[in-house]
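Sequence and predicted model, in that order:
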Amino acid sequence: MERYLATLSLGPVQGMIAAARRTRDLWAGSWLLSEASRAAAHIIHQAQPGSLIFPAPADPDRELAPQDRPGDGANISNIIRAELAMDEAGVRQLCERAKQAARDSLVQRGEEARAGLPELRDDPWQAQIDDILEGFAAWARIEAGDYAGAGRRLGATLAARNSHSAPNFTTNPYFIAANRSTLSPTTLAARTNHNSIHQKVLDKIAA
């Protein structure tokens, strides 16, 4: 059975920090991202128990379950890593499922908060909620038990992405996918309302 070292990165962390106006905003935004990561990690755990490297909860079924509100459990990092025993197609599908679970978690939290904010208009809200989460997945095959070598190749891929370099995606077998939202005209137009929407939702969540 093939084995892969896989990493899923969720964000943007910097964007959430930049949009925060108060310490409470940072706290609520951090919790939202943690819950998105928790949902993604839970999908990976369910698909292949024992595969998670980090997070590495002692009781995954309990610790990776959704938290009702901030402070109910330990936060989960926005970087998830796992060692997966499956073929490449399976790894790809699992990472996509994990990213979708993260998005679904964030949308659900947002809609719960929005229910108490009837003054928010539909178009700006939808543009923000559709565009807010970025997911990036990459993996490398563990060749002949060389875990360290796979880790180096995976690290190089992640570093290339983070530095916005442009590797040859068609020939690099270790580059998999970058799922970065592009800004549609609707989203760009909605940016003028971004701070107020963000603030109102964070206020509602942190209340």
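Yep, that arrived.

neighbours of residue 34, just the number please.
Taking other Cβ atoms under 10 Å as the criterion, the count of residues near residue 34 is 20. C-beta here means a position set from N, CA and C on the backbone, and glycine is covered the same way.

tell me the SS of it?
When classified by DSSP: H, G, I helix; E, B strand; the rest coil, residue 34 comes out as helix.

what's the closest non-adjacent residue to it?
Among residues not flanking residue 34 along the chain, residue 75 sits closest, at 4.1 Å (Cβ to Cβ, 6 or more residues apart in numbering).

Then that neighbour would be within a helix, right?
No: Residue 75 is assigned coil when assessed by three-state DSSP, not a helix.

which residues does it contact?
Residue 75 makes contact with 30, 31, 34, according to Cβ atoms under 8 Å, 6 or more residues apart in numbering.

Also residue 11?
By Cβ under 8 Å, 6+ apart, the contact list for residue 11 reads 33, 78, 133, 134.

which residues does it bridge with?
Beta-bridge pairing of residue 11 under DSSP bridges involves residue 134.

can you tell me which residues contact the residue nearest to residue 35 when sequence neighbours are not counted?
Nearest-residue entry for residue 35: residue 105, 5.4 Å, with adjacent residues in sequence omitted and distances by Cβ to Cβ, 6+ apart. Residue 105 sits next to 35, 36, 38, 39, 66 when contact means Cβ under 8 Å, 6+ apart.

buried set for stretch 4-14?
Across stretch 4-14, burial judged by 16 or more other Cβ atoms under 10 Å covers 4, 5, 6, 7, 8, 9, 10, 11, 12.

show me where the protein has helices.
Taking DSSP state H as the criterion, the chain carries its helices at 13-19, 23-47, 60-63, 88-114, 122-131, 147-162, 185-190, 194-206.

Any idea which of those helices has the lowest pLDDT on average?
Lowest mean pLDDT within the helices of the chain: helix 185-190, at a mean of 38.
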